[in-house]
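Undergrad: task: produce atomic coordinates for the following.
(one chain, ligands or ions: 1)
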Amino acid sequence: MTEQDFIPSSYPHPLMKGSVSFQSPSNIALVKYWGKYGEQLPKNASISFTLNECHTLTTLHYMKKDSPGFNFEVYLDGNREEGFEPKIQKFLERIQTYVPFVEDYTFRIETSNSFPHSSGIASSASGMSALAMCLMDMERQMLGGMEEDHFLKKASFLSRLGSGSASRSIEGPLVVWGTHENIEGSSHLFGVTYPYEVHPNFTDFQDAILLVDKGEKQVSSTVGHNLMHDHPFAEQRFQQANNQLAALIPVLKEGDLDAFIDIVESEALSLHAMMMTSTPNYILMKPNTLQIIERIRNFRKDTQTKVCFTLDAGANVHVLFPNSEKDRVTEFIKNELAPFCKNGEYILDHTGQGAVQKNVNQQVR
Ligand code: PMV
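TA: Sure thing, here's the model as predicted:
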């Protein structure tokens, strides 16, 4: 498929006024995307678990207008959030070629997150994918229907143009984004559900998100991705990520939790190593991030529990473990890791199936 496949010819069933709501989750990458080119295209393939509890609910109210041009307002938890508007403006500019109707409507975008705004959990993946699903639902109605496969691919394609990792939030529980020679159907343009056999060890996998630092990120993802352009280790990193994804295929099939742990922790530390070795360099981990990592490793060594950590572009720690270890690990988190979290806070999440529509459309033609 190419970008051209996502450009519609005309809309035979235009809409006048209505609203649509979608709930879309966050995701946590096992093999990380860090470095991009062109229009939000990844330098390497990545794979993530789609989450379930951390999500954004977005309602898109639309009203047809006479003169073309972007016209929208964003509301977070009922309050106008002008701070989000430049990002949405940029998103609309990027997707306009593919959903040209966006300049024919006045939009009111109402959004809320299931996780606290200041939790340090990025809302871009869940937020952009929820909005993309709402727009795709409008397009589907205006075309008088659409194949499910095309709907999902295009929703992921649009999400990607908002935030790269958002392309992996449309479906679940395991999504690959980025062309990889060992993964059939994978594409730089959109995320696809992982197409091969997955051992029951990975069913309903658990992710406890430990909130180490709830402040604003010191360095945005956009700046971080850009620092990969002249990075001395960039090419080796992209190769490493693709190799780790290839290595993950038999691991997922056989349910090899030890090999899974090795790959996932290597990916987390490699991501942060890129940040620590860029020009300028920066460190997003906090002392408590390292305290937690050390305790997880000691606990694993002492008890043989199949638990590991991963990191996003921030100080929070995602603790990953199979459902079968739930009681033991949640007890360990409560007693030994929570003291290193801001206000002792953490979120228990697990793998999910992706975005879902939340209400029946009320449209007036
Ligand atoms: O989606 P972005 O542009 O915010 O990039 C985020 C990338 C990481 O979260 C650090 C890794 C990943 O693959 O999700």
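Undergrad: count the neighbours of the nearest residue in space to Phe340 that is not next to it in sequence for me.
TA: Distance criterion CB to CB, 6 or more residues apart in numbering; nearest residue to Phe340, sequence neighbours excluded, is Asn288 at 4.1 Å. (Glycine included, C-beta is placed from N, CA and C.) Applying other CB atoms under 10 Å, we find 19 residues neighbouring Asn288.
Undergrad: just Glu336 next, same as before
TA: 15.
Undergrad: residue contacts, it?
TA: Arg295, Phe299 (CB atoms under 8 Å, 6 or more residues apart in numbering).
Undergrad: same thing but at 10 Å, please
TA: Gln291, Ile292, Arg295, Ile296, Asn298, Phe299 (CB atoms under 10 Å, 6 or more residues apart in numbering).
Undergrad: ok, Val307 next?
TA: 206, 208, 257, 261, 296-297, 299-300, 319-322, 325, 328-329, 332-333.
Undergrad: now, which of the residues you listed lie within strands?
TA: Gln206, Ala208, Val319, Leu320, Phe321 (DSSP state E).
Undergrad: tell me the contacts of the residue nearest to the third one when sequence neighbours are not counted?
TA: When the adjacent residues along the chain are set aside, Val319 lies closest to Ala208, with 4.3 Å between them (CB to CB, 6+ apart). Taking CB under 10 Å, 6+ apart as the definition of contact, the neighbours of Ala208 are 307, 309, 317-321, 326, 329-330, 332-334, 337-338, 346-350.
Undergrad: ok, back up a step: closest to Met16 out of the contacts of Glu336?
TA: Ile292 (52.6 Å; CB to CB).
Undergrad: confirm for me that the closest one is in contact with Asn316.
TA: Yes. Contact criterion CB atoms under 10 Å: Ile292 and Asn316 qualify, at 9.4 Å.
Undergrad: need the pLDDT of Gln362.
TA: Looking at Gln362, its pLDDT reads 47.
Undergrad: ignore what I typed, I meant Asp213.
TA: So Asp213 comes in at 85 (pLDDT).
Undergrad: isn't it up against Asn288?
TA: Yes. Counting by CB under 10 Å, Asp213 touches Asn288, with 7.8 Å between them.
Undergrad: now for these two: what residues contact both?
TA: Joint contacts of Asp213 and Asn288 (CB under 10 Å, 6+ apart) are Ala315, Asn316, Cys341, Lys342.
Undergrad: my read: the second one touches Thr289, true?
TA: Put plainly, it is Asn316. Yes. Counting by CB under 10 Å, Thr289 is a contact partner of Asn316 at 7.7 Å.
Undergrad: joint contacts of these two?
TA: Counting by CB under 10 Å, 6+ apart, the contacts common to Asn316 and Thr289 are Leu210, Val212, Asp213.
Undergrad: so Asn316 and Thr289 - more neighbours on which side?
TA: Comparing Asn316 with Thr289 by other CB under 10 Å, the one with more neighbours is Asn316, at 27 against 22.
Undergrad: what separates stretch 37-54 from the chain centre, distance-wise?
TA: 6 Å (CA atoms, centre = their mean, to the nearest Å).
Undergrad: can you give me the end-to-end span of it?
TA: With CA to CA, to the nearest Å as the measure, stretch 37-54 spans 29 Å from end to end.
Undergrad: does the ligand sit close to that stretch?
TA: Yes. Using CB under 6 Å from any ligand atom, stretch 37-54 comes into contact with the ligand via Ser46.
Undergrad: what mean pLDDT does that stretch get?
TA: 98.
Undergrad: with stretch 75-87 instead?
TA: Across stretch 75-87, the per-residue pLDDT values average to 95.
Undergrad: just the CA atoms of that stretch, as CSV, please.
TA: Presented in CSV, the C-alpha positions along stretch 75-87 are these (Å, rounded to 0.1, in the frame of the first residue of the first chain):
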residue,chain,number,x,y,z
TYR,A,75,-11.6,20.9,25.7
LEU,A,76,-9.9,18.8,28.4
ASP,A,77,-12.2,17.6,31.2
GLY,A,78,-14.8,20.2,30.1
ASN,A,79,-12.3,23.2,30.1
ARG,A,80,-10.9,24.8,27.0
GLU,A,81,-7.3,23.7,26.6
GLU,A,82,-5.7,26.1,24.2
GLY,A,83,-2.3,24.6,25.0
PHE,A,84,-3.3,21.5,23.0
GLU,A,85,-4.5,23.5,19.9
PRO,A,86,-1.2,24.0,18.1
LYS,A,87,-0.6,20.3,18.1
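Undergrad: confirm Glu103 sits in a helix?
TA: Yes. Counting by DSSP: H, G, I helix; E, B strand; the rest coil, Glu103 is located in a helix.
Undergrad: I'd like the numbering to begin with 50 instead of 1 from here.
TA: Noted, 50 is the first residue going forward, which turns the last one into Glu152.
Undergrad: lowest-confidence helix or strand of the protein?
TA: Lowest by mean pLDDT, DSSP states H and E among the helices and strands of the chain is helix 270-275, with a mean of 94.
Undergrad: helices or strands up against that helix?
TA: strand 85-86, helix 306-325 (3 or more CB pairs under 10 Å, 6 or more residues apart in numbering; DSSP states H and E).
Undergrad: tell me which of the ones you listed is the most buried.
TA: helix 306-325 (a mean of 19; mean count of other CB atoms under 10 Å).
Undergrad: just give me how far it sits from the chain centre.
TA: Once both centres are worked out by CA atoms, centre = their mean, helix 306-325 turns out to sit 18 Å from its chain's centre.
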